[in-house]
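Engineer: please work out how this folds:
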Amino acid sequence: MHVQEWLDSVPAAAVYAVVGLVIGFESLGIPLPGEIVLVSAALMSSQHTGVNPVILGACATAGAVIGDSIGYAIGRKGGRPLLAWLGRKFPRHFSAGHVATAERSFEKWGMWAVFFGRFVALLRIFAGPLAGVLHMPYWKFLIANVLGGICWAGGTTAVIYYVGIVAEDWLKRFSYVGLGLAVLIGLGSMLILKRKAKKAQSQSQSEQRQAEAEPVSAGE
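Structural biologist: Numbers count the residues shown, from 1 in each chain. Okay, here's the model as predicted:
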């Protein structure tokens, strides 16, 4: 059953709980489709199903912030052995290469890696645990975590909700062309921050490769 169809079959309170829990566990470091669930629920809220977009956004934000904070605490206590264990359990997401890439992003961008990481699937899973492993000061992590959670969860909910409203109105006045345009506008808005985050990550990788390729002088 598709996520949208499954969410349609449960009460609004259960939708809030599912969204908060899935996003919370994903932020904690467990690979789950948090973004898919949030987008599906936000679309539901625009279709007069009884799902309140404000409550939905608040639950999604709370799940993101709390999950990341728990992940931070676990990472700080577990250290690098935790990353090794996650690599064995989830090799597709926590491979040595992915860990190294995420670690370079954190070392270079600090708080911005936590903030923009919320918009990138890989970094969204890594953010909390890796920040704890690297002993990022918690106050810095918390600020970036809260702001990133609000912008990602609240922003995604708002964009998808209004895309759904506009699409419904356009479909009444025009045709499915309206739906296509509305969806493109909404997706374009969501992808802006994602593109910035990926660009920052690619730049970090490129600088790392250049640093490794530079010859060491005889005096060093």
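
Engineer: what residues are up against Phe126?
Structural biologist: Contacts were defined as C-beta atoms under 8 Å, 6 or more residues apart in numbering; by that measure Phe126 touches Gly29, His98, Val99, Ala102, Gly117. Where you see a C-beta, it was placed from the backbone N, CA and C, and this is true even at glycine.

Engineer: can I get those in a markdown table with distance to Gly155?
Structural biologist: Rendered in a markdown table, the data for those read as follows (distance: C-beta to C-beta, whole Å):
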| residue | distance to Gly155 |
| --- | --- |
| Gly29 | 23 |
| His98 | 25 |
| Val99 | 28 |
| Ala102 | 23 |
| Gly117 | 15 |
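
Engineer: ok, so of those residues, who is nearest Asn52?
Structural biologist: Checking these against Asn52 by C-beta to C-beta gives Gly117 as the nearest, at 27.9 Å.

Engineer: about what we covered before: by neighbour count, which of the contacts of Phe126 wins?
Structural biologist: Scoring the contacts of Phe126 on neighbours with other C-beta atoms under 10 Å, the highest-scoring entry is Gly117 at 30 neighbours.

Engineer: tell me the contacts of that one?
Structural biologist: Gly117 makes contact with Ser105, Leu123, Arg124, Phe126, Ala127, Gly148, Ala197 under the criterion C-beta under 8 Å, 6+ apart.

Engineer: tell me the pLDDT at it?
Structural biologist: We have a pLDDT of 77 for Gly117.

Engineer: that one and Pro81, how far apart?
Structural biologist: Separation of Gly117 from Pro81 (C-beta to C-beta, to the nearest Å): 22 Å.

Engineer: shaky segments in the protein?
Structural biologist: Along the chain, the model assigns pLDDT under 70 to residues 1-8, 48-49, 86, 89-96, 98, 122, 167-220.

Engineer: can you show me the helices along it?
Structural biologist: Secondary structure of the chain by DSSP state H: the helices cover 3-8, 12-28, 34-45, 53-89, 96-109, 111-117, 121-133, 138-149, 155-173, 176-213.

Engineer: please name the residues that touch Asn52.
Structural biologist: For Asn52, the contacting residues are Ala12, Ser45, by C-beta under 8 Å, 6+ apart.

Engineer: tell me, how many residues neighbour Tyr138?
Structural biologist: Using other C-beta under 10 Å, Tyr138 has 15 neighbouring residues.

Engineer: so which of the contacts of Gly117 wins on neighbours?
Structural biologist: Result: Ala127 is most packed of the contacts of Gly117 (other C-beta under 10 Å), 33 neighbours.

Engineer: for that residue, list the residues it contacts.
Structural biologist: By C-beta under 8 Å, 6+ apart, Ala127 lies in contact with Ser27, Asp68, Gly71, Ala113, Val114, Gly117, Arg118, Asn145, Gly148.

Engineer: change it to 6 Å
Structural biologist: The contact partners of Ala127, taken as C-beta atoms under 6 Å, 6 or more residues apart in numbering, are Asp68, Val114, Gly117.

Engineer: sweet, I'm off.
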